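Q: need coordinates for the following:
(one chain, ligands or ions: 1)
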Amino acid sequence: MSALFPDYRPTWESDDHRLLREHARAFFAKEMTPNQERWAEQKYVDRETWRRTGEAGLLLLDVPEEYGGQGGDAAMEYLVTEELIYSLDTAFGMGVGSTITPHYVMNYGSEEQKKAWLPRIASGEWIAAIAMTEPGAGSDLQGVRTTARRDGDEYVINGSKTFISNGGSADFVVVVAKTDPEAGHRGMSLFAVTADTPGFERGRVLEKIGRHGADTAELFFNDMRVPAANLLGGEEGQGFYQLMNQLPRERLAIAVDAVSMAEAAVLQTIDYVKERGAFGKTVFDFQNTKHELAYCKTEVYTAKVFVDHCVQLDVDGRLDATTASMAKLKATEMLDDVVDRCLQLFGGYGYMMEYPIAQMYAAARVMRIYGGTNEIMKELIARSL
Ligand SMILES: Cc1cc2nc3c(=O)[nH]c(=O)nc-3n(C[C@H](O)[C@H](O)[C@H](O)COP(=O)(O)OP(=O)(O)OC[C@H]3O[C@@H](n4cnc5c(N)ncnc54)[C@H](O)[C@@H]3O)c2cc1C
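A: Just a heads-up that it's a prediction; the model follows:
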């Protein structure tokens, strides 16, 4: 149940989903909310938190039980994301570690790899990440310069990555590399790499304007030798197509994040303005405040219904790239607008990092950038016109 829309029920939500929601809500309230400040100071989330989240059965929800997952549907993954955001978390890299990266193994790993790797990610023993972006190539993924050269039963990987979520602590990374640098997107391949591989090095945990508790980092690969079997899909040159197939899920996950954060921002603001006094009344009593919040609530609701429609499409196996891009575009633009209006209603306190609204404002901004920028979303959507 959404606290802002108590009577709203998405088409995909069954009683089982509701029970899971209650469980996730209680767990995140205890594990996430109280730790935000400490994580922001240390610039990473405790490894123990991943283990506890795994023990609570909140990772890899739609991965079959035989691979350590919960055997649920895609909606479970998204609803747990909603609950994480409602807990006012801006640090825990669950999207990348659970919703996104493991699915590359699920879809392109061999039976043996799935059995070896997924249970360790599901239990929280391993933290997972995906490394696409490089200093010289972000939107233009075909421009990646990391190479993977076959040498006997191994590939030798060289290159560098940046802005990698969970990068500071990841144990398991899906790496985008060129197996044929001359072949454009047809020369791209994905490799599963464990962080204990010689030649795997971490750079800085990057200083961001928000999400200070998230260990977004640089990675370097120096003559890193990985078994040839770690080429996902077992065939060179499939990487670009594998990414194109998986990115809609990443974009929908970001859209779910964005709508949930906008809901949380409006709720925080309603509470604040009803307490805060000015000119002998509460800030809520001003017509401007009510109109701003009425507008925000309407914006959040319309985006939420569309995003839930996309969740239903994903559950039904019908989510396409265009629709997922529209969800990401709409939800993240809406969030920036809503969180900015909400922050304004806090006055100067809205600018103070100790207030969750300030943390959300900073955390929201990157959603228009990562997972493919919103300009790239428009490019993708435009192809359908
Ligand atoms: C906090 C954070 C976490 C991240 N996590 C990850 C991660 O886990 N893994 C990972 O691989 N990456 C990650 N990224 C990287 C992110 O996906 C890229 O930053 C993003 O794709 C944009 O790439 P870029 O930064 O190189 O910008 P550029 O590609 O250099 O873009 C610069 C500007 O040019 C615009 N532009 C580019 N091409 C076009 C075009 N064709 N038409 C119109 N405009 C265009 C862009 O929209 C943007 O406004 C993360 C980034 C951040 C900030």
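Q: show me what from the stretch 101-250 of the chain comes close to the ligand.
A: 129-133, 138-139, 163-165, 208, 216 (C-beta under 6 Å from any ligand atom). (Glycine included, C-beta is placed from N, CA and C.)
Q: can you rerun that using 8 Å?
A: 129-134, 137-140, 161-167, 176, 206, 208, 211, 214, 216 (C-beta under 8 Å from any ligand atom).
Q: ok, of the residues you listed, which come out buried?
A: By neighbour count, with 16 or more other C-beta atoms under 10 Å, those hold 129-134, 137-138, 161-167, 176, 206, 211, 214, 216 as buried.
Q: so which of these belong to strands?
A: 129-131, 161-164, 176 (DSSP state E).
Q: got TSV for those, with distance to residue 308 and pLDDT too?
A: Formatted as TSV, these follow (distance: C-beta to C-beta, whole Å; pLDDT from 0 to 100):
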residue	distance to residue 308	pLDDT
129	28	98
130	25	98
131	31	98
161	33	98
162	34	98
163	29	98
164	30	98
176	31	98
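Q: which one of those is nearest to the ligand?
A: If you rank these by distance to the ligand using C-beta to the nearest ligand atom, residue 163 comes first, at 3.5 Å.
Q: quick check: phi and psi on the nearest residue to the closest one once chain neighbours are set aside?
A: For residue 163, ignoring the flanking residues on the chain, the nearest one in space by C-beta to C-beta, 6 or more residues apart in numbering is residue 133 at 5.0 Å. Backbone torsions of residue 133, given as degrees, to the nearest 10, read phi -70, psi 140.
Q: how long is stretch 66-85 end to end?
A: 29 Å (C-alpha to C-alpha, to the nearest Å).
Q: is the ligand within reach of it?
A: No - contact of stretch 66-85 with the ligand (C-beta under 8 Å from any ligand atom) is absent, the minimum separation being 15.4 Å.
Q: any chance of the ones in strands among the buried ones among the residues of the stretch 101-250 of the chain next to the ligand in CSV, plus distance to residue 26?
A: Converted to CSV, these look like this (distance: C-beta to C-beta, whole Å):
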residue, distance to residue 26
129, 28
130, 30
131, 34
161, 36
162, 37
163, 33
164, 31
176, 38
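Q: let me see the contact set for the closest residue to the ligand within the chain.
A: Nearest residue of the chain to the ligand: residue 138, at 1.9 Å (C-beta to the nearest ligand atom). Residues near residue 138 by C-beta atoms under 8 Å, 6 or more residues apart in numbering: 163, 373.
Q: gap between the residue nearest to residue 163 and residue 267?
A: 33 Å (C-beta to C-beta, to the nearest Å).
Q: return the per-residue confidence for the residue nearest to residue 183 when sequence neighbours are not counted.
A: Excluding the flanking residues, the one nearest residue 183 by C-beta to C-beta, 6+ apart is residue 237, at 6.8 Å. Residue 237 carries a pLDDT value of 98.
Q: same deal with residue 2?
A: The per-residue pLDDT of residue 2 was computed as 84.
Q: same question for residue 223.
A: For residue 223, pLDDT reads 98.
Q: just checking, it is part of a helix?
A: No - Residue 223 is assigned strand when assessed by DSSP: H, G, I helix; E, B strand; the rest coil, not a helix.
Q: contacts only, for it.
A: By C-beta under 8 Å, 6+ apart, the neighbours of residue 223 are 156, 158, 199.
Q: residue 136 now?
A: 143, 145 are the contacts of residue 136 under C-beta under 8 Å, 6+ apart.
Q: what's it sitting at in phi/psi?
A: Per degrees, to the nearest 10, the backbone of residue 136 is at phi -100, psi 0.
Q: and it, how far from residue 256?
A: For residue 136, the distance to residue 256 (C-beta to C-beta) stands at 31 Å.
Q: nice, that's everything, thank you.
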